[in-house]
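S.K.: Kindly generate the corresponding structure for this input.
(chains A and B)
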Amino acid sequence: MSPESSPDLATAVRTALASAGLPDRDPAFERPRQREHGDWSTNVAMTLAKSVGKPPRQIADEVVAAMALPAGVAGVEVAGPGFINFRLAQDAFAGIVRAAVAAGQAWGRTDHGAGRRVNVEFVSANPTGPIHVGHGRQAALGDAIAGLLEATGAAVTREYYFNDAGVQMRKFGQSVTAAMAGEDPPEDGYHGAYITELADDLRRAGVEDNLQEAAYQRMLERITATLERFGVRFDVFFGERALHRSGALEEAVEHLRAAGHVYESEGAVWLATAALGDDKDRVLVKADGEPTYFAADCAYMIDKAARGFSDLVYVLGSDHHGYIGRMLAVAEASGVGREHVEIIIHQFVNLFRDQEAVRMSKRTGEIVTFDELIDEVGADAARYTLLRFSPDTTIDFDIAEVVRADKDNPVYYVQYSSARIAGIMRTATERGVEPGTVDEAPLHLLEHEAERELVRRIGRWPEVVTLAADERAPHRVARYAEDLAEGFHKFYTDCQVVSDDAELTRARYWLVVAARQTLANALGLLGVSAPERM
RNA sequence: GCCCCCGUAGCUCAGGGGAUAGAGCAACGGUUUCCUAAACCGUGAGCCGCAGGUUCGAAUCCUGCCGGGGGCACCA
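M.R.: Residues are numbered from 1 along each chain as shown, chains lettered A, B, ... in the order given. This next block holds a predicted model:
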């Protein structure tokens, strides 16, 4: 990997391989962990050692001897078992600052996903109750993944699928109806305090007809409002009922039958998914003639593909991991294509308060809703905490810990760097600094180790975006933001930006602008604000 | 029984086949006439769950085992 803002090391190495009479090879580059090892490193010599029959260090020496240093590279050396390490020249550092400033909001964006039309479906909680922290994780994750895909040039639609037909909706309607009549909900109905709240709402609004419909609309509004407050907005809310009404379910079954994957057994209609990698076959239409939820899933996938999406991404909780096999089977059976369907599974969130587990149960009503959680910890802290861990990690979310708005919480560490930058900008304005343009700025004056390290970290941003997008791993953005903030705080401690030295002030001013832009872009992808003051 | 995720410092977690495995918190010590000390600097702390395998090289890939969490429907 070698980002556009870096010198063309790959070509230099390949040319050197050729003139040293060594076999051609596309060299892999990496960022050395240790700073002494330079800015970029390649292991080509080691990978060639066996086939060439020479020790890796000797090969590395030959490559280096035959190499013409590309522009922007100050030095190259052989180290360790045979690494070839490159050190960037000062003008490369200036180039990074200029690139970041010039690109602005687009800094870090690429076009390697251009032309793709991606549907990202997430949250998709049924509107029979308020969403909880698990949905919150999915909201944060799905939105961030969507944003990352957009950063690769893809056109993304954020979609929310919900069940507005069927048994659960009926039970929900009955529960609210009972509450309005002052009665207890049915035994197998919904019980939480929100049901009586909802009933009160509807009574105040004078709703009398079609209570079930009104209740679920109201619930969906509440969920939407919660997500909105969390900074997550959907392009499409898709109700299952539309599939029933349009006849899409029957069409889907016939479509799959025509493709030769449907059979009947024991009075039911089955989809032969086992032959396509699923654990077992699945029922589409029950013996009583009712289509299953799975049939709707099939119709829905076909509908999405028909809407012109090239890629269908599903973000689901780990309890849905069993869906992977059947959904990919549907993708293949329906002709959508399994390579166009991607299922991202995330682990659960356990809620604690001072190390004590908070029980979440819709039945008992002892549920901490996501709304309440945001009330307590704030949208930024909640979102950041839910995003800084890998989707594969179970999160133990301790409310008391996250709400503690002190140094304990990394979100403040990152946001504080934003506030400090804003402070510098205010000072620069007050003292009448005239920064000129970044192109004229004397960036060669940025020689302090803290300055160079900050530039290095800024320069890594495009790689981070690409990697995070390709791995669907927003936590890499969060971890990077912490790294960048650290680089900034060290710079801030060591280097006074606004000083009597007008030239140095200009150079540092633009470095800070580059840092601010990078930080803003990273926090923007995470949906976390970059405050001007704290 | 089968499937998925996890196991790395006292705690919570990063770690894209590479070089001396990192960060935050917690503990201890230091830094402010100067753009916000929600910061910075320093100290201690590790058979990367265990055992094999692949590789020039494994925390990372493969297999098995142990431990923790979750899932298996003609429910939605």
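
S.K.: The residue of the stretch 101-250 of chain A found nearest RNA strand B: what's it in contact with?
M.R.: In the stretch 101-250 of chain A, the residue that lies nearest RNA strand B is A:Gly166 (2.9 Å; Cβ to the nearest atom of the strand). Backbone N, C-alpha and C define where each C-beta goes, glycine included. By Cβ atoms under 8 Å, 6 or more residues apart in numbering, the contact set of A:Gly166 is A:240, A:293.

S.K.: give me every residue that touches A:Ala530.
M.R.: By Cβ under 8 Å, 6+ apart, the contact list for A:Ala530 reads A:415, A:418, A:516, A:519-520, A:523-524.

S.K.: backbone phi and psi for A:Gly239, please?
M.R.: Main-chain torsions, A:Gly239, degrees, to the nearest 10: phi -90, psi 140.

S.K.: for A:Phe86, same thing?
M.R.: In terms of degrees, to the nearest 10, the main-chain angles of A:Phe86 are phi -110, psi 140.

S.K.: show me the residues around it that make contact.
M.R.: The neighbourhood of A:Phe86, defined by Cβ under 8 Å, 6+ apart, consists of A:7, A:9, A:38-42, A:73, A:75-76.

S.K.: again, but for A:Gly337
M.R.: If you count contacts by Cβ under 8 Å, 6+ apart, A:Gly337 has them with A:Ala331.

S.K.: can you tell me how far it sits from RNA strand B?
M.R.: Between A:Gly337 and RNA strand B the computed distance is 21 Å (Cβ to the nearest atom of the strand, to the nearest Å).

S.K.: quick one, strands of the stretch 201-350 of chain A?
M.R.: A:236-239, A:262-265, A:268-271, A:282-285, A:311-317, A:341-346, A:349-353 (DSSP state E, counting those that start in this stretch).

S.K.: Specify the local secondary structure of A:Gly436.
M.R.: Secondary structure, DSSP: H, G, I helix; E, B strand; the rest coil: A:Gly436 is coil.

S.K.: ugh, wrong one, A:Arg359
M.R.: Following three-state DSSP, the label given to A:Arg359 is coil.

S.K.: show me the residues around whichever residue of chain A sits closest to RNA strand B that make contact.
M.R.: Using Cβ to the nearest atom of the strand, the closest approach of chain A to RNA strand B is made by A:Gly423 at 2.3 Å. Taking Cβ under 8 Å, 6+ apart as the criterion, A:Gly423 is in contact with A:Arg533.

S.K.: And for A:Val123?
M.R.: A:Val123 touches A:131, A:135, A:138-139, A:142, A:160, A:227, A:232, A:234, counting by Cβ under 8 Å, 6+ apart.

S.K.: Tell me where the stretch 51-200 of chain A has helices.
M.R.: Here the stretch 51-200 of chain A has its helices, by DSSP state H, counting those that start in this stretch, at A:56-66, A:90-103, A:133-151, A:167-180, A:193-204.

S.K.: and among the ones you listed, the most buried is which?
M.R.: Most buried of the helices of the stretch 51-200 of chain A, by mean neighbour count (mean count of other Cβ atoms under 10 Å): helix A:133-151, with a mean of 25.

S.K.: pull the CA atoms of that helix into CSV?
M.R.: Presented in CSV, the C-alpha positions along helix A:133-151 are these (Å, rounded to 0.1, in the frame of the first residue of the first chain):
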residue,chain,number,x,y,z
VAL,A,133,-28.5,0.3,23.3
GLY,A,134,-28.0,-2.7,21.0
HIS,A,135,-29.9,-0.9,18.3
GLY,A,136,-27.8,2.1,19.1
ARG,A,137,-24.7,0.2,18.4
GLN,A,138,-26.1,-0.9,15.1
ALA,A,139,-27.2,2.7,14.3
ALA,A,140,-23.7,4.0,14.9
LEU,A,141,-22.1,1.1,13.1
GLY,A,142,-24.3,1.1,10.1
ASP,A,143,-24.2,4.8,9.6
ALA,A,144,-20.4,4.9,9.9
ILE,A,145,-20.0,2.0,7.5
ALA,A,146,-22.3,3.8,5.1
GLY,A,147,-20.2,7.0,5.5
LEU,A,148,-17.0,5.0,4.9
LEU,A,149,-18.4,3.5,1.7
GLU,A,150,-19.4,7.0,0.6
ALA,A,151,-15.8,8.1,1.3
